[in-house]
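Q: Sequence first, predicted coordinates after that:
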Amino acid sequence: MSHVMSTSEPTAPAAAPDIPATDITTTPEWAALTAHQSEISAASLRGLFDADPTRGETFTAETDGLYLDYSKNLLTAQTLELLVALARRAGLAERVEAMFDGQRINVTENRPVLHTALRAPAGVRIEVDGHDVVPDVHEVLDAMSRFAEQVRSGQWRGATGERITTVVNIGIGGSDLGPAMVYDALRDYADRSIEGRFVSNVDPTDIWEATADLDPATTLFVVASKTFTTLETIANARAARGWLTSKLGENAVSRHFVAVSTNAEKVAEFGIDTQNMFGFWDWVGGRYSVDSAIGLAVMISIGPEHFREFLAGFAAMDTHFRGTPFERNLPVLLGLIGVWYRDFFGYDTHAVLPYSHYLGRFPAYLQQLDMESNGKRVDLAGRPVRTQTGPIVWGTPGTNGQHAYYQLLHQGTAVVPADFIGFVQPNHPNVGPADGPDQHALLMANFLAQTEALAFGKTAEQVAAEGAEERLVPHRTFPGDRPTNTLLAPKLTPFTLGQLIALYEHKVFTQGTIWGINSFDQWGVELGKVLAGRIVPELTAETEPPAAAHDSSTDTLIRRLRRG
Ligand SMILES: O=P(O)(O)OC[C@H]1O[C@](O)(CO)[C@@H](O)[C@@H]1O
């Protein structure tokens, strides 16, 4: 049962779509937004809400139960019109079609970008060089489902005949952040008799911690790597194999190691039988791969049915993104609002603040999705960009952040636009007898209070009227006009999570399109990898490296490390 899929030989490769020749900053649409920004910067959210009492109902959009309130942003209907015109000028509609259509929009790697095919229902036809990839996707999904069921039911046993009770995913970047985040987010759907662990860091402490209390006889390793050449993953996988074989012998490997990769050759070279490999394709970017076989550890945890619901959430958002007018299109709105602040206000960072304990790793996941995609300084043609590009994305779950860095959000000199993500229903009721306030109500009261406070602040007059000491009035004043989006979903389910991930994928795409950059390569990670490869022998070889192998700083640090 080989699950490695290959697409047919290229027939007539789909041409890359035209690279926009126009610098977006020289367009009339850009100029109109620049002029409009000076008007808006004189406005306030208090004023905008006073002028339009229905603003909180009209500046909203919804799809399949996912509700976006973007009213607490410094924008008007005119701003939206101008932003939508900018999106049109950037050719967003055509670029969306080019992506869904399998055109080679990843021009620097000459690849299509088809993560949307990973969640396409069976029967839909999506071609790469004349080959329909949807049946391939479903074949791998079916193979994953069979394997996940075998592990969950205890049919798949370790080399000594024991059931698998721990699945350790070894991967990094997209081969870790996605499955680790989703595993946490969907704990309520998990078979808790099988624990999932995630090892990514090349620091030996990570794999040590993950294995210290484990029994190899009941442990399954999923080695997840698109390329199967990533230093951290291969080092950790080797360590895991040594740990396992020192106790169970070489023959145990095939019962305790499976691989997820696009690179069957390297998987075989590592010593994992490609019969135990689940494949995907070079048209899936690492940070866009959690809904591919990279989600295997998740599927083992939540089961194939919930995994399919998760995919259905992505697919629903894909349909919404592809078919909804920009003015009501959630990813487009989030993308345009982000461009508004990044380029016309110069705000450098963007916070994502989930009011759900289970979404603790969502901001870290989005950091890779957004910053590896849009942290670019040249456009598709290789010319230096004249816009700002991707913001620094950060965040942690509310309410913990409130007692840490929200001080800066409310009163600091930096303005940080933020997305607040919350759920109508809790994952869990209060523990124990209900003699205290409903904790979910406490959570959501904070969720609402924060965006209200950020938007409207508290004036010096209000502070003084409350009887504050005069010298304290400036300290206790809140400026307001700190913009936020509120995303509200009925409940954190596999479907909702799929929707949310796809929402941000398409937001990132929208922004990359406006900026005219390639959101699907990541050359910026290469230099450090190459230099590390050069330094490894300099740290470990018996003989000292030559005196001036690097700069004087790096050389001195290498000597200190060698001294031990
Ligand atoms: O899945 P792989 O090939 O091991 O890559 C892991 C990660 O490394 C990167 O290439 C960056 O170094 C990411 O884009 C990717 O998600």
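A: Okay, I see it.

Q: can you tell me the helix or strand for Phe310?
A: According to DSSP states H and E, Phe310 maps onto helix 304-323.

Q: list the helices and strands that helix packs on?
A: Using 3 or more Cβ pairs under 8 Å, 6 or more residues apart in numbering; DSSP states H and E, the elements in contact with helix 304-323 are strand 60-63, helix 92-100, helix 134-153, helix 296-302, helix 330-339, helix 494-515. From N, CA and C alone the C-beta is placed, and that goes for glycine too.

Q: Quick one: the ones you listed as TSV, columns for mean pLDDT too.
A: Converted to TSV, the helices and strands packed on helix 304-323 look like this (pLDDT from 0 to 100):
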stretch	mean pLDDT
strand 60-63	98
helix 92-100	98
helix 134-153	98
helix 296-302	98
helix 330-339	99
helix 494-515	98
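
Q: Assign a three-state SS to Gly422, would you?
A: Assigned by DSSP: H, G, I helix; E, B strand; the rest coil, the conformation of Gly422 is strand.

Q: List every C-alpha atom in stretch 270-277, with coordinates, as CSV.
A: Below are the C-alpha coordinates for stretch 270-277, written out as CSV (Å, rounded to 0.1, in the frame of the first residue of the first chain):
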residue,chain,number,x,y,z
PHE,A,270,16.3,7.4,6.0
GLY,A,271,15.1,3.8,6.5
ILE,A,272,11.3,4.3,6.6
ASP,A,273,9.5,1.9,4.3
THR,A,274,7.7,4.0,1.7
GLN,A,275,4.7,1.6,2.2
ASN,A,276,4.4,3.6,5.4
MET,A,277,4.5,7.0,3.8
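
Q: Give the buried residues for it.
A: Phe270, Ile272, Asn276, Met277 (16 or more other Cβ atoms under 10 Å).

Q: returning to that earlier point: give me whichever of the helices and strands packed on helix 304-323 is most buried.
A: Of all the helices and strands packed on helix 304-323, helix 296-302 has the most neighbours on average by mean count of other Cβ atoms under 10 Å, namely a mean of 27.

Q: Output the contacting helices and strands for it.
A: helix 134-153, strand 166-170, helix 177-185, strand 195-199, strand 219-224, helix 304-323.

Q: interface residues of this structure facing the ligand?
A: Contact residues, the chain versus the ligand (Cβ under 6 Å from any ligand atom): 172-175, 225-227, 230, 233, 286-287, 372, 522, 525.

Q: can you put the buried residues of stretch 270-277 in JSON lines and add pLDDT, distance to Ile24 and secondary structure?
A: Shown next, in JSON lines, are the buried residues of stretch 270-277 (pLDDT from 0 to 100; distance: Cβ to Cβ, whole Å; DSSP: H, G, I helix; E, B strand; the rest coil):
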{"residue": "Phe270", "pLDDT": "93", "distance to Ile24": "45", "secondary structure": "helix"}
{"residue": "Ile272", "pLDDT": "95", "distance to Ile24": "46", "secondary structure": "coil"}
{"residue": "Asn276", "pLDDT": "95", "distance to Ile24": "48", "secondary structure": "helix"}
{"residue": "Met277", "pLDDT": "98", "distance to Ile24": "43", "secondary structure": "strand"}
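
Q: Can you name the two of the residues you listed that sit furthest apart?
A: Greatest spacing in the buried residues of stretch 270-277, by Cβ to Cβ: Phe270 and Asn276 (11.5 Å).

Q: For beta bridges, what are the partners of Thr349?
A: Assessed by DSSP bridges, Thr349 has beta-bridge partners Ile392.

Q: ok and the residue in the stretch 451-564 of the chain nearest the ligand?
A: Nearest residue of the stretch 451-564 of the chain to the ligand: Val525, at 3.8 Å (Cβ to the nearest ligand atom).

Q: what sits against the spatially most central residue of the chain?
A: When Cα atoms, centre = their mean is applied to the chain, the residue found nearest the centroid is Leu366 (3.2 Å). By Cβ atoms under 8 Å, 6 or more residues apart in numbering, Leu366 lies in contact with Val352, Val393, Gly395, Tyr504.

Q: Pick out the most distant pair among the residues you listed.
A: Checked with Cβ to Cβ, the contacts of Leu366 reach their widest spread between Gly395 and Tyr504, with 12.1 Å between them.

Q: thought Ala185 was touching Leu492?
A: Yes. Between Ala185 and Leu492 a contact is recorded at 6.5 Å, counting by Cβ atoms under 8 Å.

Q: So between the two, which is more surrounded?
A: The neighbour count for Ala185 versus Leu492, taken as other Cβ atoms under 10 Å, is higher for Ala185 (29 against 25).

Q: Beta-bridge partners for the closest residue to Tyr67 other than its chain neighbours, please?
A: What sits nearest to Tyr67 in space, not counting adjacent residues and going by Cβ to Cβ, 6 or more residues apart in numbering, is Leu488, at 4.6 Å. On the basis of DSSP bridges, Leu488 is bridged to Tyr67, Gly422.

Q: Make residue 1 into 51 and carry on from there
A: Done: numbering now begins at 51, and the last item shifts to Leu538.

Q: List the contacts of Leu538.
A: Leu116, Tyr117, Asp119, Gly472, Phe473, Val474.

Q: and these, which are buried?
A: Leu116, Asp119, Gly472, Phe473.

Q: ok, of those, which one's closest to the ligand?
A: Nearest to the ligand among these, with distances taken as Cβ to the nearest ligand atom, is Leu116, at 26.1 Å.

Q: my read: the closest one touches Ile551, true?
A: No. The criterion here is Cβ under 8 Å, and Leu116 misses it with Ile551 at 11.6 Å.
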